[in-house]
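Participant: Show me the folded form of this:
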Amino acid sequence: MQALRKGLSKNLNHQSQFFFAAKPAKLNYVVSQSTNPDSKLNLIVLHGLLGSHANFKNICKNDKIAKYATSYLVDLRNHGDSEHKETMTDAEMAEDVITLIKEKNLDSKGTVIMGHSMGARVAMSLAQLYPQLPTGVIIVDYAPYNYYSDPRFQVVKRTKEMIGKMTQLTLGADINEIKKNISQIATSKDVAGLLLTNIAPDGHGGFKWKVNLRAILKRYDELMGCNWEDSKKYSGPVRVICGEKSEYMTMDILHTFNQVFTNFNANKDLILIKDAGHWVHFNKPYDFIDNVSSFLQELSK
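Facilitator: Next up is the predicted model:
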């Protein structure tokens with residue numbers, strides 16, 4: 001095992017030097033300890049666009065998950081309390097996470113990567129660049145698909161328009177006025193609540209955005225439109241959990257998961273949660289927890 005770990009570390013370092021010249025972003029994270037001292041897994045949790053580690057806090061505290069894994073809830077670059085950078089490609093964000101994993105020795109146990117939306121893109125990129133690392137991968141409501149080129153997925157353009165309006169919004173000092181303005185530009189009530197989690201005191205009696213909106217807006221097309229073909233594949237266990245009513249999933253794009261996951265089989269690896277949308281973990285938390293727990297149990301055997 002020690003020899004295998006040394007070989008893994010050497011390979012990771014080699015790939016890091018090959019793929020990335022820029023310095024990785026320093027990531028903030030929060031730990032949710034396993035309730036089982038003999039747990040075999042570390043669960044690395046990656047939130048979606050404009051989210052943060054807090055999005056999955058209650059999910060990972062649930063004993064059905066905590067008995068199988070210690071969870072590391074990460075703020076991705078330009079989000080939460082993590083470092084801001086001008087660029088944010090999938091590969092760069094994957095390298096940020098890999099750097100955190102290596103620095104904190106999180107691969108000392110089985111390492112499961114779980115990502116939602118943008119975090120799912122990062123999880124898939126990580127699985128392709130470092131296919132020997134994850135014990136398993138959980139993808140939440142996002143496919144390796146060029147959404148920006150498909151007019152059916154109007155949600156991606158509406159989101160870009162919303163972010164553009166966010167960059168023009170003067171926050172000021174009146175939190176009620178801020179809430180009113182955000183509710184007017186948000187694409188839904190749930191999204192308005194998400195945006196409010198990105199507001200923080202500016203130290204001068206007013207408020208500021210915690211997220212790096214200008215970098216996100218500048219890189220948005222790239223984030224939503226990357227082509228996943230001709231990339232390496234991950235051959236380990238995968239579970240794809242989607243909302244039945246999601247604006248990001250249709251049955252005709254399921255085949256794209258095979259561009260990333262060699263062994264993906266929709267009959268056994270895809271979970272569609274009834275009456276849930278894109279924020280499946282928020283819409284149906286107990287169904288979501290049950291499915292994540294089931295996968296972790298399989299990996300723990």
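
Participant: Got the domain ranges for the protein?
Facilitator: 2-146+226-300, 154-220 (automatic domain parsing).

Participant: now the ones you listed in a markdown table, with mean pLDDT and mean neighbour count?
Facilitator: For glycine as for every other residue, the C-beta is placed from the backbone atoms N, C-alpha and C. A markdown table is the format used below for the domains of the chain (pLDDT from 0 to 100; neighbours: other Cβ atoms under 10 Å):
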| stretch | mean pLDDT | mean neighbour count |
| --- | --- | --- |
| domain 2-146+226-300 | 90 | 19 |
| domain 154-220 | 93 | 15 |
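
Participant: can you tell me the distance between the two ends of stretch 27-34?
Facilitator: Distance across stretch 27-34, first residue to last, is 21 Å (Cα to Cα, to the nearest Å).

Participant: what's the answer for stretch 185-203, then?
Facilitator: One end of stretch 185-203 sits 25 Å from the other (Cα to Cα).

Participant: Run the chain-centre distance for that stretch.
Facilitator: Computed by Cα atoms, centre = their mean, to the nearest Å, the chain-centroid distance of stretch 185-203 equals 18 Å.

Participant: And for stretch 112-131?
Facilitator: Using Cα atoms, centre = their mean, the offset of stretch 112-131 from its chain centre is 7 Å.

Participant: now swap in stretch 59-72 and tell me
Facilitator: Chain-centre distance of stretch 59-72: 17 Å, with Cα atoms, centre = their mean.

Participant: List the contacts of that stretch.
Facilitator: By Cβ atoms under 8 Å, 6 or more residues apart in numbering, the residues outside stretch 59-72 that reach it are 29-36, 39-45, 56, 73, 100, 104, 106, 109, 112, 281, 285, 288-290, 292-293, 296-297, 299-300.

Participant: Straight-line length of that stretch, end to end?
Facilitator: 12 Å.

Participant: re earlier: out of the contacts of stretch 59-72, which sit inside helices?
Facilitator: Judged by DSSP state H, the subset of these located in helices is 100, 281, 285, 288-290, 292-293, 296-297, 299-300.

Participant: closest to residue 171 among those?
Facilitator: The closest of those to residue 171 turns out to be residue 281 (Cβ to Cβ; 28.0 Å).

Participant: Go ahead and confirm the closest one touches residue 55.
Facilitator: Yes - with contact defined as Cβ atoms under 8 Å, residue 281 counts as touching residue 55 (7.5 Å).

Participant: and for those two, which residues touch both?
Facilitator: Taking Cβ under 8 Å, 6+ apart as the contact rule, residue 281 and residue 55 both touch residue 116.

Participant: I'd say residue 226 and residue 91 touch.
Facilitator: No - counting by Cβ under 8 Å, residue 226 does not reach residue 91; the two are 9.3 Å apart.

Participant: Please, where are all the helices along the stretch 101-250 of the chain?
Facilitator: For the stretch 101-250 of the chain, the helices defined by DSSP state H, counting those that start in this stretch occupy 118-129, 154-168, 175-185, 189-196, 213-218, 220-225.
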